[in-house]
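Colleague: Pasted the sequence and its predicted model underneath.
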Amino acid sequence: MKIKFLLFILLYSTKMFSEVNVITTVSDLKYIADQIGKNKIKSESMIRGFDDPHYVMTRPDYLVKLSDADVFCQIGLDLEIGWAPLLLQQSRNIKIQKGQNGFCDASVGINILGKPTIQVDRSMGDMHIFGNPHYSLDPVNAIQMGINISAALGRIDPENSEFYSNNLNEFKEKMITLVKEESKKFQPYFGSKVAVFHDEFLYLANRFKFNANLTLEERPGVPPSTRYLEQCIKNLNANKIKVILISPVNNPQFAEYVSSKVEGSIVLTLPTSVGGNKEAKTYEDMIRFNMKKIKEALEKTSAGK
């Protein structure tokens, strides 16, 4: 009888103090979850910071991870539409399905940019009908992502809700400080214009007041035609745009071709997720690295005029 009682206490204690198992689609979500959950959770991102979240080759171990998850967190806005919904369904884990306590869509409450103003279809490329899903490059949006993750953790582990809320407040202060510091450094370059390959940098540009509206990608997910690239070259020259931003998942050949036709221009490969390069070890590192490199490129190309 005494042995049974001790076993019951041991099992109950293990259950009480077990970590919440969090699986995220991308590394930014894992990083934010770690800031909020700390030692109360164990987390894993399904893809790395330099992988393309649009196109993911699924693996059997993904299903194993999802079947054991307490919380599943995604970027949403159809960014992971080609792989995450099917994996969720096949995991047979009821608690992380859409609408359940363990499901977390980090886009809830985000001010979404780039919503289509016309009816879109597949002939227009891989259009995101709900708007631009690359919102995580804005630290203010990272706060809202943290709010959504904290809420999910609180639903699964209500006994530690206050712990998660306190950590969320700390994370919020870090993001506010980050925006203030980087905005102050970048202020002389407010209004600057850059070109991009894909629309990944729209939110970063919006937060730090530079223009990134010229895209070298004719249609999302479709290689640009030579005719379109020639138009881009004319636009860059006419508007004196000398900086082209690409991410690690973009094919650099198109940006390099355009740059070769625009005298004094620079192609910058910048991380768009935590772990996107060796400098982007944390979310704060990634933002600081990106803003520093953009500032340096603008300085260098301006001096060359």
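Modeller: Cool, the structure landed. Numbers count the residues shown, from 1 in each chain.
Colleague: Can you show me the strands along the stretch 51-200 of the chain?
Modeller: Listed in chain order, the strands of the stretch 51-200 of the chain (DSSP state E, counting those that start in this stretch) span residues 71-74, 103-105, 193-196.
Colleague: Out of the ones you listed, which is closest to I244?
Modeller: I244 lies closest, by C-beta to C-beta, to one member of these: strand 193-196, at 4.6 Å. From N, CA and C alone the C-beta is placed, and that goes for glycine too.
Colleague: what packs against the closest one?
Modeller: The criterion is 3 or more C-beta pairs under 8 Å, 6 or more residues apart in numbering; DSSP states H and E, and the helices and strands that strand 193-196 contacts are strand 211-215, helix 226-239, strand 243-246.
Colleague: For the longest one, give me every contacting residue.
Modeller: The set of residues external to helix 226-239 that reach it, using C-beta atoms under 8 Å, 6 or more residues apart in numbering, is 193, 195, 214, 216, 218, 224, 241-242, 244, 254, 257-258, 261-262, 265.
Colleague: Just want the angle from that helix to strand 211-215.
Modeller: 150 degrees (axes from the mean of the first three to the mean of the last three C-alpha atoms, to 10 degrees).
Colleague: rewinding a little: show me which of the helices and strands packed on strand 193-196 has the highest average neighbour count.
Modeller: strand 243-246 (a mean of 26; mean count of other C-beta atoms under 10 Å).
Colleague: For burial, what's the neighbour tally of L137?
Modeller: L137: 26 surrounding residues under other C-beta atoms under 10 Å.
Colleague: swap that for K180, please
Modeller: Residue neighbour count, defined by other C-beta under 10 Å, stands at 11 for K180.
Colleague: Am I right that I41 is in contact with S18?
Modeller: No - under the criterion of C-beta atoms under 8 Å, I41 lies out of contact with S18, with a separation of 10.2 Å.
Colleague: Neighbour count for the two, which is higher?
Modeller: Taking I41 and S18 together and counting by other C-beta under 10 Å, I41 has the greater number of neighbours (21 against 12).
Colleague: For the more buried one, give me its contacts.
Modeller: Residues counted as contacts of I41 (C-beta under 8 Å, 6+ apart) are E19, V20, N21, V22, A33, D34, V71, L153.
Colleague: and which of those residues is nearest to Q144?
Modeller: Taking C-beta to C-beta as the measure, Q144 lies nearest A33 of the contacts of I41, at 13.9 Å.
Colleague: ok so, going back, okay, the contacts of I41 in JSON lines with neighbour count and secondary structure next?
Modeller: What follows is the contacts of I41, written out as JSON lines (neighbours: other C-beta atoms under 10 Å; DSSP: H, G, I helix; E, B strand; the rest coil):
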{"residue": "E19", "neighbour count": "13", "secondary structure": "coil"}
{"residue": "V20", "neighbour count": "20", "secondary structure": "strand"}
{"residue": "N21", "neighbour count": "19", "secondary structure": "strand"}
{"residue": "V22", "neighbour count": "29", "secondary structure": "strand"}
{"residue": "A33", "neighbour count": "30", "secondary structure": "helix"}
{"residue": "D34", "neighbour count": "20", "secondary structure": "helix"}
{"residue": "V71", "neighbour count": "25", "secondary structure": "strand"}
{"residue": "L153", "neighbour count": "29", "secondary structure": "helix"}
